[in-house]
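Colleague: mind folding the following:
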Amino acid sequence: MTRNGQYDVIVVGGGSAGSALGNRLSTEPGARVLVLEAGRSDYPWDVFIHMPAALPFPIGSRFYDWRYESEPEPHMNGRRIYHARGKVLGGSSSINGMIFQRGNPLDYERWAADPGMGAWDYAHCLPYFKRMETCLAGGDAFRGDDGPLVLERGPATSPLFAAFFAAVQQAGYPLTDDVNGYRQEGFARFDRNIRRGRRLSAARAYLHPVMRRPNLTVRTRAFVTRVLFEGRRAVGVEYRLDRGPLRTAYAGEVILCGGAINSPQLLQLSGVGNADDLRAVGVEVVHDLPGVGANLQDHLEVYVQYGCKQPVSLAPALAAWRRPLIGAQWLFLRSGPGATNHFEAGGFVRSNDDVSYPNLMFHFLPVAIRYDGSSPAGGHGYQVHVGPMYSDARGSVTLRSADPTVKPALRFNYLSTDQDRREWIEAVRVARRILTQPAFDPYNAGELSPGPAVETDQEILDWVARDGETALHPSCTCRMGTDPMSVVDPTTMKVHGVEGVRVVDASVLPYVTNGNIYAPVMMVAEKAADLILGNSPLAADEVAFYRHPRSGVGTG
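Modeller: Now for the predicted structure:
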């Protein structure tokens, strides 16, 4: 780190990656580290953050969520797709579903196949996955046992989970011991960021244990408006503290950790991006870097829901009159329905024999409900969340205005490609095949969503266009690489063409992984910390992992 100014390094964003960097960078006693988070603090008494089952409450709330919306999506009937992003210390790790999935090892082989990306293959990433976690199911060649992220395995004790595991085998899909271990392909109980009945966000795992370090300063409600440049060298940031007057903080290094939406937006506001786009909104150009905000990727998903003939789902726990009891049970005992995220099992499969490794992800839930807490009529039910993992649709993040308080324009282009549409049809058909196996016969009261009226390929696509929601995995908008459309150097995390600015968050992923992206982002942050500090990288861990006979590096 370059030592110059009021601080040695300013970390913009106290979310998932920012929390990890705040911890790791401040281990160097002489380094003065400032973490600026635009959202509120994750107060220890805030039940909506810390109770796992309360996750529907912060999503959509202006107190916890940036509440983004896409531009009208042309292939989804002009709908604006809602995008929740965490506006609180811990970022989206403080409001997400707490599912911990690394992605497939071949995801990282795909990364490494790009020019300059050789050090991001699975053998070089695995040591950082292991360093950051304590897997309570047991450490082994693939899993860590001494890291800050303590991972509990979902119990999945409901009879509906037993039916689900039996049904996937009847449909021809295997079980696996650990989707984060030797073999991802198959179905298993999921790891989750819950510790003793309480959400373990990145802030709780990384920042709170070191808050008293004299060289670490963490400020919440600190909204960064731009990076300050002298020529092409960043010298600090401009920010507002709790809507007060503009302030400045100076440092030798500025590290952007705002995520796939905020980081490219801040670069653009600061004059780094596509020069024509910046001039169009009145931003003075510091460096023409056209890849900033391009390559936006995400996972779209739907809920395939069935009614349940037996009273074994979680529906009773959703009744309003039960909430005080559930809250008290969680508050005093850290147990009961409030102590779980309910996403306790699922799996990964290939939608056809031509794909190399799993391109569909399933989350099973023993209740029929949406993220916003709404549920269909009929009481008891169950559902899978499913969607393709490797859509070749690409979107963008662009400025609407030079005003930093104006949200950028988000274009995802869902359902815009032949591959995307084909895999969506396959995804829904695979979900139905699983949920109509004999193992579900004692429970199956009929399909609620999409319902029997949706059968043909076109009817499925029309339903996805009407009903699909984001799985909340925006990524890849400041991707690592060495080609002209890349933004970040993969060996230093520095932004191409300028000095003193790095990016470390979901935006630097070159391709989205085939699962929830929290674990890959934390791995990137752990590895980036060594690159920034100049530490020797952890030695590559050459372990054999499962490869389907058709597997290879490709789009999956």
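
Colleague: CA atoms of the lengthiest helix in the chain as CSV?
Modeller: When the chain is parsed with DSSP state H, its longest helix is helix 418-435. Output of helix 418-435 as CSV, limited to C-alpha atoms (Å, rounded to 0.1, in the frame of the first residue of the first chain):
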residue,chain,number,x,y,z
ASP,A,418,-31.4,-18.1,-27.9
GLN,A,419,-29.3,-20.0,-25.3
ASP,A,420,-31.1,-18.2,-22.4
ARG,A,421,-34.5,-19.0,-23.7
ARG,A,422,-33.7,-22.6,-24.4
GLU,A,423,-32.2,-23.2,-20.9
TRP,A,424,-35.2,-21.5,-19.3
ILE,A,425,-37.5,-24.0,-21.0
GLU,A,426,-35.3,-26.9,-19.8
ALA,A,427,-35.1,-25.5,-16.3
VAL,A,428,-38.9,-25.5,-15.8
ARG,A,429,-39.3,-28.9,-17.3
VAL,A,430,-36.5,-30.3,-15.0
ALA,A,431,-38.2,-28.8,-11.9
ARG,A,432,-41.5,-30.3,-12.8
ARG,A,433,-40.0,-33.7,-13.5
ILE,A,434,-38.5,-33.7,-10.0
LEU,A,435,-41.6,-32.4,-8.2
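
Colleague: all strands of the stretch 251-400 of the chain, in order?
Modeller: Ranges of strands in the stretch 251-400 of the chain, per DSSP state E, counting those that start in this stretch, are 272-273, 287-288, 300-308, 345-349, 360-365, 381-388, 396-398.

Colleague: run through who's touching the longest one.
Modeller: By C-beta atoms under 8 Å, 6 or more residues apart in numbering, the list of residues contacting strand 300-308 from outside reads 160, 368, 370, 376, 378-388, 391, 412, 414-415, 428, 431-432, 435, 440, 443-450, 463-464, 467-471. Heads up, the C-betas are built off the backbone N, CA and C, glycines and all.

Colleague: what's the PyMOL syntax to select whichever of those are buried?
Modeller: In PyMOL syntax, the buried subset of the contacts of strand 300-308 is picked out as below (16 or more other C-beta atoms under 10 Å):
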select buried, resi 160+368+370+376+379+380+381+382+383+384+385+386+387+388+391+412+414+415+428+431+432+435+440+443+444+445+447+448+449+450+463+464+467+468+469+470+471
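
Colleague: residue ranges with poor pLDDT in the stretch 351-500 of the chain?
Modeller: 371-378 (pLDDT under 70).

Colleague: ok, now with 80
Modeller: Applying pLDDT under 80 to the stretch 351-500 of the chain flags residues 370-378.

Colleague: and the helices in it?
Modeller: Taking DSSP state H, counting those that start in this stretch as the criterion, the stretch 351-500 of the chain carries its helices at 418-435, 457-467.

Colleague: please identify the most buried of those.
Modeller: Most buried of the helices of the stretch 351-500 of the chain, by mean neighbour count (mean count of other C-beta atoms under 10 Å): helix 418-435, with a mean of 20.

Colleague: which one in this protein is furthest away from the centre?
Modeller: What lies farthest from the middle of the chain is Pro442; by C-alpha atoms, centre = their mean that is 35.5 Å.

Colleague: contacts only, for that residue.
Modeller: By C-beta under 8 Å, 6+ apart, the contact list for Pro442 reads 163, 309-310.

Colleague: where's it relative to Gln310, distance?
Modeller: When distance is defined by C-beta to C-beta, to the nearest Å, Pro442 is 7 Å away from Gln310.

Colleague: export the helices of the stretch 351-500 of the chain to CSV and append columns for distance to Gly144.
Modeller: Output for the helices of the stretch 351-500 of the chain, formatted as CSV (distance: least, C-beta to C-beta, whole Å):
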stretch, distance to Gly144
helix 418-435, 32
helix 457-467, 37
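
Colleague: which one of those lies nearest to Tyr182?
Modeller: Evaluated over the helices of the stretch 351-500 of the chain, closeness to Tyr182 peaks at helix 418-435, with 23.2 Å, by C-beta to C-beta.

Colleague: hang on, the earlier thing: hmm, who's touching the longest helix of the chain?
Modeller: Contacts of helix 418-435 (C-beta under 8 Å, 6+ apart): 164, 167-168, 171, 173, 302, 304, 306, 349, 351-352, 359-360, 362, 384, 386-388, 390-393, 414-415, 444, 447, 450, 457, 460-461, 463-464, 555.

Colleague: again, 7 Å this time
Modeller: 167-168, 171, 304, 306, 349, 351-352, 359-360, 384, 386-388, 391-393, 415, 457, 460-461, 464 (C-beta atoms under 7 Å, 6 or more residues apart in numbering).

Colleague: and if you look at stretch 192-201?
Modeller: 42, 49-50, 52, 90, 93-94, 98-100, 149-152, 154, 330, 334-335, 339, 341.

Colleague: tell me the mean pLDDT for that stretch?
Modeller: Across stretch 192-201, pLDDT averages out at 96.
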